[in-house]
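[1] build the 3D model from these lines:
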Amino acid sequence: MPLKHQDDHVAAIGEMVGKMDADRSKFQAAMAKVRIRLPVSIRTAAPKLEVALQDKVNELDEAIAVI
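    Numbering: from 1, shown residues only. Below is the predicted model of the structure:
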């Protein structure tokens, strides 16, 4: 983007900030659409956590059945 006020630093900064404020929502919407694949080396605790929560649900179901 060419700046109109190249010699006036304060005006140039104001011009850049104004452009960033005007295009921020469009940029954020574009970034929200981008899908990023995680590297294979990253591991999460989600599978183990899912099993633990399912076990807890089963135990609660058994406790309810006893009552």
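[2] could you use CA atoms for every contact and neighbour count after this?
    Will do.
[3] where does pLDDT dip in the protein?
    Residues of the chain meeting the criterion pLDDT under 70: none.
[4] which stretches in it count as helices?
    9-33, 46-66 (DSSP state H).
[5] need these in a markdown table with mean neighbour count, can you?
    Listed next are these as a markdown table, based on neighbours: other Cα atoms under 10 Å:
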| stretch | mean neighbour count |
| --- | --- |
| helix 9-33 | 11 |
| helix 46-66 | 11 |
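[6] quick one: closest of the ones you listed to Val40.
    helix 46-66 (14.7 Å; Cα to Cα).
[7] could I get the helices of the chain as JSON lines with distance to Pro39?
    Formatted as JSON lines, the helices of the chain follow (distance: least, Cα to Cα, whole Å):
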{"stretch": "helix 9-33", "distance to Pro39": "19"}
{"stretch": "helix 46-66", "distance to Pro39": "16"}
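[8] so which of those helices is nearest Leu3?
    Ranking the helices of the chain by their distance to Leu3 (criterion: Cα to Cα) puts helix 9-33 first, at 6.5 Å.
[9] quick one: contacts of that closest one?
    By Cα atoms under 8 Å, 6 or more residues apart in numbering, the surrounding residues in contact with helix 9-33 are Leu3, Lys4, His5, Gln6.
[10] 6 Å - rerun?
    His5 (Cα atoms under 6 Å, 6 or more residues apart in numbering).
[11] distance between that helix and the chain's centre?
    19 Å (Cα atoms, centre = their mean, to the nearest Å).
[12] could you do stretch 24-37 as well?
    9 Å.
[13] from Ile13, how far off is Glu59?
    Shown here: Glu59 relative to Ile13, a distance of 62 Å by Cα to Cα, to the nearest Å.
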